[in-house]
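Q: Generate a structure from the sequence data that follows.
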Amino acid sequence: MKIMSGIWNHKLVNGRLWYKDFQQSLFSEKGTSTVLEKAYLRLTKEPDASIIRPEAILKKTLELLLTKWHNKEVTYDYIADQFRSLRQDLTVQQIKNEFTARVYEENIRICLECDDINYFNQCQSQLMDLYRQGVVSENKPEFLCYRIIYYTLGEANNDLNKALTGLSEQDFASKEIAFAMRLRHHYTTGNTKAFFQMYKRGFLLTRNLIEMFIHRIRILSLRIITKSFGEKISAQYLSELLGFDSVEKFIEFITASKGILSEDKQFLMNKESFKIYDDHPWLTSKLTTHKLLVSQKAV
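A: Residues are numbered from 1 along each chain as shown. Below you'll find the predicted structure:
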């Protein structure tokens, strides 16, 4: 029995029809699988109901996955694959409700914890579509907050303006969005001290999100500082200004970013460092903070 119809991408190869990802799918009946954990499998043909889990089973799956994740029983790669499979079962059955929103919300939180900017972006885009379609979630302000910060720090100004235009007065009144708007103000006005104070204070998972961009933000700040100040500036002062946990962490950052320190490492040498930070590769890199460090160590 065909239980799904959809619009498929396909091509002929050696006289055979090969299916790629479907663009739309619609189940005429519920899935029947009772398996709680299932690896993601890219669909290349119309799936059978026996391999798709109904919503009641998916709810149990979500709770099981969250328990295993919070108890540190599984790796991120495993949990990411399981959530991908969970989202797929929701998609092919066209389930779009509060439970669907919760799945995407929990997935986004895990992505933030693990510096996965790609799946974070994919999930938050789908979540925003659910919100626009009228799906209700008490967590909506939290995820609107992440969206504003993401667009702000990624300097996606057109997307940010569209996101802000869609907010209501009630949205702006929430503490989550108020936090995001204050952070945005400090970032766009170049208020380094206030920005990093908010970063250090943290709110929900905003610190995790900021840390995906923080190396570029610190380079931007150092470019201005090394151009504006005199011969040198205290490493201790800069470590506090730029939100480092210690001066040792600051020195590690300066070394990794090729900045120039005094011989005793008590000062950043401004003139020499400005030549480096004025056109630093991290300013245009699409890599997140963690991956920048990994690529730097690889070199």
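
Q: CA only for contacts and neighbour counts going forward, please
A: Will do.

Q: show me where pLDDT drops low in the protein?
A: Flagging of the chain using pLDDT under 70 yields the residue ranges 1-29, 285-299.

Q: Spell out which residues make up each domain of it.
A: Residue ranges for the domains of the chain, per automatic domain parsing: 1-95, 214-298.

Q: Identify whichever of those domains lies nearest to Gln133.
A: Closest to Gln133 of the domains of the chain, according to CA to CA: domain 1-95, at 12.4 Å.

Q: got the residue ranges for the helices in the stretch 151-299 of the chain?
A: For the stretch 151-299 of the chain, helices defined by DSSP state H, counting those that start in this stretch occupy the ranges 157-165, 169-173, 175-188, 192-201, 206-211, 214-228, 235-241, 247-256, 270-277, 289-298.

Q: what helices or strands is the third one leaning on?
A: Translated: helix 175-188. The contact analysis (3 or more CA pairs under 8 Å, 6 or more residues apart in numbering; DSSP states H and E) places helix 175-188 against helix 140-153, helix 192-201.

Q: got the angle for the shortest one vs helix 214-228?
A: Meaning helix 192-201. Angle between the axes of helix 192-201 and helix 214-228 is 160 degrees (criterion: axes from the mean of the first three to the mean of the last three CA atoms, to 10 degrees).

Q: Show me which residues of the helix or strand containing Asp77 are buried.
A: Element membership for Asp77 (DSSP states H and E) is helix 76-92. Neighbour-count burial for helix 76-92, counted by 16 or more other CA atoms under 10 Å, picks out 79-92.

Q: before we move on, the earlier item: would you format the helices and strands packed on helix 175-188 as JSON lines with distance to Asp171 and mean neighbour count included?
A: JSON lines is the format used below for the helices and strands packed on helix 175-188 (distance: least, CA to CA, whole Å; neighbours: other CA atoms under 10 Å):
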{"stretch": "helix 140-153", "distance to Asp171": "7", "mean neighbour count": "21"}
{"stretch": "helix 192-201", "distance to Asp171": "20", "mean neighbour count": "17"}
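
Q: Tabulate those (CSV), appending distance to Glu272.
A: Below are the helices and strands packed on helix 175-188 laid out as CSV (distance: least, CA to CA, whole Å):
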stretch, distance to Glu272
helix 140-153, 27
helix 192-201, 21
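
Q: Contact partners for the closest residue to Ala180 other than its chain neighbours?
A: Counting by CA to CA, 6 or more residues apart in numbering, Ala180 lies nearest to Cys145, which is 5.4 Å off, once chain neighbours are set aside. For Cys145, the contact set (CA atoms under 8 Å, 6 or more residues apart in numbering) comprises Glu176, Ile177, Phe179, Ala180.

Q: mind redoing it with 7 Å?
A: The neighbourhood of Cys145, defined by CA atoms under 7 Å, 6 or more residues apart in numbering, consists of Glu176, Ile177, Ala180.

Q: which residues does the second one contact?
A: Which is Ile177. Contact analysis of Ile177 by CA under 7 Å, 6+ apart lists Pro141, Leu144, Cys145, Asp171.

Q: Could I get the full set of helices for the stretch 1-150 of the chain?
A: For the stretch 1-150 of the chain, applying DSSP H, counting those that start in this stretch gives helices covering 55-70, 76-92, 98-113, 117-132, 140-153.

Q: can you give me the angle the shortest one makes with helix 214-228?
A: Helix 140-153 runs at 50 degrees relative to helix 214-228, counting by the same axes, to 10 degrees.

Q: Use 53 as the first number for this chain going forward.
A: Okay, residue one is now 53; in that scheme the one you just asked about reads as helix 192-205.

Q: so helix 192-205 versus helix 169-184, what angle?
A: For helix 192-205 against helix 169-184, the angle by the same axes, to 10 degrees is 130 degrees.

Q: Restrict helix 192-205 to CA atoms and write it as PDB.
A: The C-alpha trace of helix 192-205 is given here as PDB (Å, rounded to 0.1, in the frame of the first residue of the first chain):
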ATOM      1  CA  LYS A 192       9.400  30.800  22.300                       C
ATOM      2  CA  PRO A 193      11.100  33.900  23.800                       C
ATOM      3  CA  GLU A 194      14.200  31.800  24.600                       C
ATOM      4  CA  PHE A 195      14.600  30.700  21.000                       C
ATOM      5  CA  LEU A 196      13.800  34.100  19.500                       C
ATOM      6  CA  CYS A 197      16.600  35.400  21.800                       C
ATOM      7  CA  TYR A 198      19.100  32.900  20.300                       C
ATOM      8  CA  ARG A 199      17.900  33.900  16.800                       C
ATOM      9  CA  ILE A 200      18.500  37.600  17.400                       C
ATOM     10  CA  ILE A 201      22.000  36.900  18.800                       C
ATOM     11  CA  TYR A 202      22.900  34.500  16.000                       C
ATOM     12  CA  TYR A 203      22.000  37.000  13.300                       C
ATOM     13  CA  THR A 204      23.600  39.900  15.200                       C
ATOM     14  CA  LEU A 205      27.000  38.100  15.700                       C
END
